[in-house]
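> Predicted coordinates and the sequence they were generated for:
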Amino acid sequence: MTFTLRKEAGGVVVVTVDGQLIVGNRQELKQQVVDALDGGARKFVVDFSRTGYIDSSGLGVLVSLSKKIREHGGDLRLAGLNEDLQTLFELTKLDTLFAITRTAQEALAAF
Amino acid sequence: MRPPLVVRRIDRDSGAELVLDVPSDLRLVADAVELLASHLQPGPLSARRVRFNVRTALAEALANAIVYGNEEDPGKQVHVRIELSRHEVRIHVVDDGEGFDPGALPDPTHDDHLRRDTGRGLYVIRHLVDDVDFNAKGNAICLILRAG
């Protein structure tokens, strides 16, 4: 299972991405987050500490989800990017669009 | 049941060549990338560059070929050929489509485009490999990574 969701204190949903977030599985992530949104969740953390690589489709789905979550009055944070993934966000300037923390715990604490 | 992906490896004095045909199915991209990446070590590229640069750039190129080149037509394939030498790795990805103009794509980091869901693939590729070449038609891309 590539994506696992768990609910933390304060109703924050943490989504852990195992392996990769790419064109072949990004719809699955989108659906799981949208389902949680429809279920009333408004705070999300996507934890990339177990993610090897993300392609541009994966980046695109994060942009799309961020917009959707904000439209519902919520917030999305990203956590656990390794050095390579951090470089990817910086070169695409997406580090300016997202709140990124070193760990999921830091993201949770920031809510 | 989908037929398995099979890589053909041809060893030469100067290096090796890997050949893989990928059906136009986005669900196969991850497996195709892992299969090809597994043949690149040991080789001229560091483990880190294979793990991140090659896998990400190859996934991008395959996805672009399937979606934009072949329009996910199950009757079309994406042809991957990798040339391995001591000095570099050349990854050729060719689709069966009509081609496009790679120079016509907008800068995805521009403020006007930053919040778009799409349009970053080629930009990412260009920043992860050493050189990118296209054929004149625009249906074939060559990603070049020098040793290191």
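That came in fine, so what should we check first?

> Go through chain A and flag its longest helix.
helix A:56-71 (DSSP state H).

> can you list contacts of that one?
A:20-23, A:26-27, A:29-30, A:33-34, A:37, A:42, A:44, A:46, A:75-76, A:78, A:88-89, A:92, A:94, A:97-98, B:60, B:63, B:115-121, B:123-124 (CB atoms under 8 Å, 6 or more residues apart in numbering or on different chains). For every residue, glycine as well, the C-beta is placed using N, CA and C.

> Now do the helices in chain A.
Ranges of helices in chain A, per DSSP H, are A:26-38, A:56-71, A:83-91, A:104-110.

> Please work out which of the ones you listed is packed deepest.
Stretch with highest mean neighbour count among these: helix A:56-71 (a mean of 20; mean count of other CB atoms under 10 Å in any protein chain shown).

> how about low-confidence regions in the chain?
All of this is about chain A. A:1 (pLDDT under 70).

> looking at chain B here, not the other one
Using pLDDT under 70, chain B drops low at B:1-2.

> in stretch B:105-125, what counts as buried?
Neighbour-count burial for stretch B:105-125 flags B:108, B:113-114, B:117, B:120-125 (criterion: 16 or more other CB atoms under 10 Å in any protein chain shown).

> Can you give the distance of it from its chain's centre?
18 Å (CA atoms, centre = their mean, to the nearest Å).

> Not counting it itself, show me its contacts.
A:55-57, A:59-61, A:63-64, A:67, A:88, A:91-94, A:96-97, B:56-57, B:60-61, B:63-64, B:102, B:132, B:141, B:143.

> ok, what's across the strand from B:Ile141?
Note on B:Ile141: beta-bridge partners B:Val93, B:Phe134, judged by DSSP bridges.

> Surely it touches B:Ala61?
Yes - contact status for B:Ile141 versus B:Ala61: in contact at 5.6 Å, counting by CB atoms under 8 Å.

> who touches both of the two?
Going by CB under 8 Å, 6+ apart, residues that sit against B:Ile141 and also against B:Ala61 are B:93, B:125.

> more crowded one of these two?
B:Ala61 (29 against 23; other CB atoms under 10 Å in any protein chain shown).

> tell me which element that one is part of?
In the assignment (DSSP states H and E), B:Ala61 maps to helix B:55-64.

> separation between the residue of chain A most remote from its centre and chain B?
In chain A, A:Leu91 marks the outermost C-alpha relative to the chain mean, sitting 18.1 Å out by CA atoms, centre = their mean. Separation of A:Leu91 from chain B (CB to the nearest CB, to the nearest Å) stands at 5 Å.

> how about that residue, what does it touch?
Per CB under 8 Å, 6+ apart, neighbours of A:Leu91: B:124, B:127.
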